[in-house]
Structure formats: C-alpha cells, structure tokens
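# Turn this into a structure:
(4 chains)
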2 protein chains.
Amino acid sequence: MSVQERKQRERDDRERLIVATARELAEQQGWDAVTTRRLAERIEYSQPVLYSHFRGKREIIGAVALQGASEMAVAMRAATAAADSPRARVTALARSYLDFAERHPAVYDALFQLDGGLAYAQEDTPEPLKDAFAALLECLSEVAGDDVRPELFTETFWASLHGLATLTRAGRLLPEDTERRTELLVDRLAMPQSQLHDAHKDPPHSK
Amino acid sequence: MSVQERKQRERDDRERLIVATARELAEQQGWDAVTTRRLAERIEYSQPVLYSHFRGKREIIGAVALQGASEMAVAMRAATAAADSPRARVTALARSYLDFAERHPAVYDALFQLDGGLAYAQEDTPEPLKDAFAALLECLSEVAGDDVRPELFTETFWASLHGLATLTRAGRLLPEDTERRTELLVDRLAMPQSQLHDAHKDPPHSK
DNA sequence: CTCCCTTGTCTAGCAATGCTAGGATCGAAT
DNA sequence: ATTCGATCCTAGCATTGCTAGACAAGGGAG
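Residues are numbered from 1 along each chain as shown, chains lettered A, B, ... in the order given. Predicted coordinates for the structure are as follows:
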C-alpha cells in the first residue's frame, strides 16, 4: 500500500514540476516558447509524459492560470488589508492588480488572455477563480453605491483594470501614465463614502 | 507603360482580395483557421504569392486591423453625430464601440488582441489607428472634466471599453448585463456637464 | 517572326508545432 | 524466478509558417 502512495506522491511532484516549469519558461521567454518538446526536455522526461498528466497544452496553461488566480487573490487581499479607508482600499486593490499583471505577464496571460480551457462566470468555475473574483468583490462592494449591484460594479471595475493591464502590456498605452489613469478610474468609478447612502436623492445627472 | 499600369492594378486587386479573404475566413472560423494554405487556396493562388504581398501572416493581420480601424472610426463618428447632448454622445460612442467588437470579433482581435506588427502610441503609428483614437478623443474631450488631460481620460475610457469587450467575448463576463455595465461606466466616468467648470472647487473626496 | 531574358508563379521541401501509437523496460506480486 | 501490469520512450503523423529553386509566360531586341 505504501508503495502506491509513494508513486502517487512522485506523480504529484512531477505534475507540480511541470506546471512550475511551464510557468517559468513562459515568464522567461513568453508562452510561444512553451512547446511540449522544450517543456519535456526541461523536466527531463519525454513529451508523452506531459499527456499523462494533462490533456494537452491548454490544460497546462489552465493549471498555471489557477495557480496565478490564487496568488492574485492573496496579493489583493494583502494590499487591501493594509489600507484603512474604503477609498484607500480600492486604490490599493487597483495598484495591486495592475502590479500583478505587470510582474507576472505570463501568468496574467494564462488567466485572461489565453485559452486555458477553464469555465468562467459559471457554476463549474474552479474555486481559485471564484475566489479571486470574491477578493475583488469584497473590496469593491464598499464603494459600489446604492444604485448598482455590487457584482455588476465589480465586473465593470475589473474590466477597466483588465483593459488598462492588457493595453499597457501590448504597447497600446504608454506605461508612464499608468498611475494617473488608475487614480482617474478610482476617483470616478468608486462612489465617495458621503454619497453612498443618499445617491438616490440627488443623482448628479445634468438633464 | 500602360501594360505596367495594368499589372500594378491587378496586383493591387489581388492584395485587396487577400485581405478581404483573410478577414472573411477569420470572421467565419476564427483566426486559427486562417492558415497560409487555406488562404492561398481561397484566392486560388499558391502560398508563395502571399509572401510577395506581405512579409508574413502578421502583416496580413495588420492589414485587416488597419481596415478595421478605419471602419470603426466611421462607425463611432456616425453614432456620436446622431446624438445631441455630450452625455448622449458618450453613451452612443460606448455602445457603438462594443457593438463593433461584438459584430466583428475577428477584426477586433486583429486590432487589439493579436500581433499585427503595428506600432501603437508612437509617431510612426499608422494613420487609421491615430484616426480611430481621434474619434474617441473628439467625443470624450467634452466630458473629461477640467482636472484631467483629455488624452488621459480617453485612454482610460477606452481601456474600460476594451476590457468589457474582451472579457465578454472570452466568456469571462455574461453578455446579459453589457448594457447595464455600459451605463455604469458612462454615468461614473463621464463628468456631468454641470460639474465641468467647477470640479476644482469642491472635489468629492472623502478625506 | 524568332530568340532571349526578366518577371511572375508554382511545386516541393524544411523545420517546428501539438499530439499519439506501439513497443520496450522496469518493478511488484505471486 | 517468473509473470504481468504499469510506466516511459522512440518514432511518427498531420499541420503550421515560410522559402528555395525550377519552370513558364510574355514583352522587347534583332
């Protein structure tokens, strides 16, 4: 019995090695450089071994994505915990999100840019993904305002951050103004505390 | 001399045919299906012909992207022209942007998702791209507010739209709430007319 | 009208990709 | 010690982007 356990443990180790190596390779040279051959060579096994752990390259990307989602959730919660006002929390959240995307571009790609074969916004969405969204939701609910569902607000804020992250990384936006764009986003999107409970009374519509 | 002109004309026709076919194929079956072989077969030439017009697949994607940028600029200008208040113009702009992304996913991918070998946010950025950004800028300058550079505001708003567009199309966001998310974005990001000239007096900061 | 030579096109092929079939090998249980 | 099953690797397939080199067509000079 113990021998089977050992084998299973070795198998798990190897699976972790595969994911870690894929991630490392992707961070170093981009996902295009992550070929099954190179990956196999780095883990010092032959290619078919990869397919005994994962259905294919997609699932490997998916595994990296899940790992990244967990880390991202941790990072965001840590960042928001250090701030003391709702407003400061949102700023910290936004910074931490964009910082993660910038420092782990390959992981961010695996999560949101590439096809990792993961289900999103559904029941069978993997736990780490739900949790990362939950981390966003926890912080952003505070400043959503009374006139919008917190989920809807979170989705919108998240999409904005995602847009900033991807366009910047793709060279569509110059990185110098990232901080200013972040501030703008937080300033305008997040409801100031004072308006949180009387937003319905005097909505600042012009017409 | 006339014979050379004819040849050049035929060459130009064929180039247009290549781009149009690539776009069509991409819209029908996705960019993955756009292989040099399939493309060559559809235009009824051999693969090397493609390389006498474009350096490679990337440049073909780039050509589709430029075409798309022009069309997008036209669509956005048409949408905003029909509205009469700054606020209505921004809403129309946002809807038209997201509508374009939804109806021409392949073109949108060529523009912002794939590598078409184009320069962005630089001097040598192709004219159609600059113009598409200008179309955004024209409309959004009106509601940027006094405390932000119009360019910065446009970039941020654009990034938000881009985030919504990509996350929705990738299945990360459910399409049902698109309209509500758009409204939220416009409501919060676009400065209401009334606050345009006294935003500096009493900024709604909570601290 | 005939020959040549440029221009343009195609056939065939290369290296790299994701993925798989089939055989070889190793080790555990009898 | 032997059998048998799990595990792994060699070898290969089809497809990809891209290119070299052969080949043909057609205009210009004699």
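# which bits of chain A sit near DNA strand D?
A:7, A:11, A:45-49, A:52 (CB under 7 Å from any atom of the strand). In this view, the C-beta of every residue, glycine as well, is placed from N, C-alpha and C.
# Can you tell me which of those is closest to A:P192?
A:R11 (53.4 Å; CB to CB).
# Can you mark which positions in the longest helix along chain A are buried?
Secondary structure of chain A per DSSP state H: the longest helix is helix A:2-29. Buried residues in helix A:2-29, counted by 16 or more other CB atoms under 10 Å in any protein chain shown: A:14-15, A:18-19, A:21-23, A:25-27.
# near chain B at all, that helix?
No. Judged by CB under 8 Å from any CB of the partner chain, helix A:2-29 makes no contact with chain B; its nearest approach is 15.4 Å.
# And for stretch A:66-82?
No. Using CB under 8 Å from any CB, stretch A:66-82 never reaches chain B; the gap is at least 12.0 Å.
# on that earlier part again, just the buried members of the residues of chain A next to DNA strand D?
Neighbour-count burial (16+ other CB under 10 Å) applied to the residues of chain A next to DNA strand D gives A:Y45.
# Out of the residues of chain A next to DNA strand D, which sit inside helices?
Short answer: those in helices (DSSP H) are A:7, A:11, A:47-49, A:52.
# Break down chain A into its strands, ranges please.
In chain A, no strands are found when defined by DSSP state E.
# low-confidence ranges in it?
A:1, A:3, A:193-207 (pLDDT under 70).
# the helices in it, which residues?
For chain A, the helices defined by DSSP H occupy A:2-29, A:36-43, A:47-53, A:57-81, A:86-103, A:105-108, A:127-140, A:150-169, A:178-189.
# Highest mean neighbour count across these, which stretch is it?
The highest mean neighbour count among those, using mean count of other CB atoms under 10 Å in any protein chain shown, belongs to helix A:150-169: a mean of 23.
# what about that helix, near chain B?
Yes. Applying CB under 8 Å from any CB, one finds helix A:150-169 touching chain B at A:152-153, A:155-156, A:158-164, A:166-167.
# residues in contact with stretch A:32-42?
A:18, A:21-22, A:25-26, A:46-47, A:49-50, A:57, A:60 (CB atoms under 8 Å, 6 or more residues apart in numbering or on different chains).
# Report how many residues lie close to the residue in chain A positioned nearest to DNA strand C.
Among the residues of chain A, A:G56 lies nearest to DNA strand C; the distance is 2.7 Å by CB to the nearest atom of the strand. By other CB atoms under 10 Å in any protein chain shown, the residues close to A:G56 number 12.
# And the furthest pair within the contacts of stretch A:32-42?
Largest separation among the contacts of stretch A:32-42 by CB to CB: A:A26 and A:S46, giving 20.6 Å.
# A:L114 against A:E59, yeah?
No. A:L114 lies out of contact with A:E59 (CB atoms under 8 Å); the separation is 11.8 Å.
# center of chain A - which residue?
A:A69 (4.8 Å; CA atoms, centre = their mean).
# shouldn't that one be in contact with A:A132?
Yes. A:A69 lies in contact with A:A132 (CB under 8 Å); the separation is 4.4 Å.
# and the gap between A:T168 and B:L129?
According to CB to CB, to the nearest Å, A:T168 and B:L129 sit 16 Å apart.
# Could you do A:A144 as well?
On the measure of CB to CB, A:A144 and B:L129 end up 35 Å apart.
# Between the residues of chain A next to DNA strand D, which sits nearest chain B?
Chain B lies nearest to A:Q47 out of these, by CB to the nearest CB, at 21.8 Å.
# In contact with the closest one, which residues are there?
Contacts of A:Q47 (CB under 8 Å, 6+ apart): A:36-37, A:40.
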